[in-house]
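[1] what's the 3D shape of this:
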Amino acid sequence: MTNFDKVKNYYKNFDEKNRLQNDNSGKLEYDMTMKILEKNLPDNGIILDLGGGAGVYSFPLANKGYKVYLSDLSEDLIAQAKSQKHEENTTNLISCDVVNATDLSIYNDNQFDVVLLFGPLYHLLEESEREQCISEINRVLKPGGKAFASFIPYLSGSIAILDRYFRHPEQVDINNISEVFESGKFNNSSDKGFQEGYYPSTKEIEELFSKNGFNKVMIRSIRGFGYEKEDSLYGIEEKEMFDKVISLIDRTSGEQSIIDMCGHAIYIGYKE
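    Below you'll find the model as predicted:
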């Protein structure tokens, strides 16, 4: 079973609130995710930002007029969100709740038009936990409602663990690197760094949502071939060239090889 205390302790010490602002890799992830949302969200509605941390997406979406409910496992991140909500008087951010993604019992059936799942699938190690999570998302979504779920694809995630070994050898040993390539599960050898990682194939993600009552709209890479080229990309001074590269990233983001090897990916599906 996933050790949720390890996950919470990781986010207690990690600057999740500013992760997407601290460097160009985060900036590209945020910019591309917002583009994806703008293209695929309904014009208005009620959004559950499940595993939404300190509200990186909740606040801009609330400011666009959506009614947003933010929830996360981390008490610390929810406290940060509540503080920002108070400071900015963000009335469209309806609530900030401490919630485990496998148990959405505080929410009603058919309550939301959209559920964002930008985080929990990085950590839920067991199939039963992932099944429960997606089943609960189906329950709280209105018929026809959309789920947006980010995940770290198997090859990207597993190879990143080898890179972690080079940088932080105390976190990776021969046993857990073998396990991650065998099963997609990463159990950190240390209490430092990313904890309780899970890296599924796109086929597994499709099957997970399909068996829980969703029809796929798309699966794509978020950063696409901009992955690990972010500093160079944001160094492009000619706007026409920059816009062209972004459009090419978008156009090729559904290629399987790019999904597999270019960092975070996203599934979009709607409830039957």
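
[2] now do the strands in this protein.
    Along the chain, counting by DSSP state E, strands occupy 46-50, 67-72, 93-98, 112-117, 141-151, 185-186, 197-198, 214-221, 265-271.

[3] which one of those lies nearest to Y30?
    When these are compared by C-beta to C-beta, strand 141-151 sits nearest Y30, at 11.9 Å. Heads up, the C-betas are built off the backbone N, CA and C, glycines and all.

[4] residues in contact with the closest one?
    Here strand 141-151 makes contact (C-beta atoms under 8 Å, 6 or more residues apart in numbering) with 33, 36-37, 40-42, 110-119, 121-122, 134, 137, 199-200, 205, 209, 214, 217, 222, 264-272.

[5] residue closest to the middle of this protein?
    Central residue of the chain (C-alpha atoms, centre = their mean): F118, 2.4 Å from the mean position.

[6] what residues are up against that one?
    With contact taken as C-beta under 8 Å, 6+ apart, F118 is in contact with 33, 49, 51-52, 57, 148-150.

[7] which among those residues gets closest to D231?
    T33 (18.9 Å).

[8] was I right to think the closest one contacts P60?
    No: applying C-beta atoms under 8 Å as the test, T33 and P60 come out as separate, 10.4 Å apart.

[9] those two: who's more crowded?
    Neighbour count, other C-beta atoms under 10 Å: between T33 and P60, T33 has more, with 21 against 14.

[10] so what's the residue count around the nearest residue to that one once chain neighbours are set aside?
    If the residues on either side of it in the chain are set aside, T33 comes closest to I222, at 5.9 Å by C-beta to C-beta, 6 or more residues apart in numbering. I222 has 24 neighbours, counted by other C-beta under 10 Å.

[11] same question, Q256
    11.

[12] residues contacting the residue nearest to T33?
    Counting by C-beta under 8 Å, 6+ apart, I222 has contacts 29, 32-33, 36, 150, 253, 263-266.

[13] 10 Å instead?
    Going by C-beta atoms under 10 Å, 6 or more residues apart in numbering, I222 touches 28-33, 35-36, 118, 150, 249, 253, 259, 262-266.

[14] hang on, E228 packs against S25?
    Yes: using C-beta atoms under 10 Å, E228 makes contact with S25 at a distance of 7.5 Å.

[15] more neighbours: which of these two?
    S25 (20 against 12).

[16] now the more buried one: how far from M32?
    Here S25 is placed at a distance of 11 Å from M32 (C-beta to C-beta, to the nearest Å).

[17] and for the two, which residues touch both?
    Common neighbours of S25 and M32, using C-beta under 10 Å, 6+ apart, are 223, 226.

[18] adding distance to I106, write the contacts of F118 out as a markdown table.
    Converted to a markdown table, the contacts of F118 look like this (distance: C-beta to C-beta, whole Å):
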| residue | distance to I106 |
| --- | --- |
| T33 | 26 |
| D49 | 14 |
| G51 | 14 |
| G52 | 15 |
| Y57 | 20 |
| F148 | 21 |
| A149 | 20 |
| S150 | 23 |
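
[19] between these, which sits nearest S83?
    Using C-beta to C-beta, the contacts of F118 come closest to S83 at G52, 15.0 Å.
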